[in-house]
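Asker: here's a sequence, model it:
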Amino acid sequence: MDRVFDGLSILEANPHADVISVRKNTHNDALSDEVDVVVYAEFRDTDALEAYKAHPLYQKSIDIVRPLRDLRVAADITF
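Answerer: Numbering: from 1, shown residues only. This is a model prediction of the structure:
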């Protein structure tokens, strides 16, 4: 899990997110056992989200983490 966490932590340097945080799941809830690391990010609009995904750090993180993970859950929402 540490290599996954380190690979995802690269995303915190991506300048296109207004807020970004990478944290390890504390597993305090019995129903949260499938997820070890959470990436939370906020973007001012969909253009910022697309710029974030186009940034080289995003691809670098994918290259590190994808071979190590079993499961990925993602959700994009707008207000």
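Asker: who does the residue nearest in space to the middle of the chain form a beta bridge with?
Answerer: Ranked by distance to the mean C-alpha position of the chain (C-alpha atoms, centre = their mean), the top residue is residue 39 at 3.4 Å. With DSSP bridges applied, residue 39 shows beta-bridge pairing to residue 22.
Asker: now it: how far from residue 31?
Answerer: For residue 39, the distance to residue 31 (C-beta to C-beta, to the nearest Å) stands at 20 Å. Just so you know, the C-beta spots here come from the backbone N, C-alpha and C atoms, and that holds for glycine as well.
Asker: pretty sure the residue nearest to the centre of the chain is touching residue 8, no?
Answerer: Yes - here residue 39 reaches residue 8: they are 5.5 Å apart, a contact under C-beta atoms under 8 Å.
Asker: common neighbours of these two, please.
Answerer: residue 22 (C-beta atoms under 8 Å, 6 or more residues apart in numbering).
Asker: burial count for residue 48?
Answerer: 16 (other C-beta atoms under 10 Å).
Asker: secondary structure element for it?
Answerer: Using DSSP states H and E, residue 48 falls within helix 46-54.
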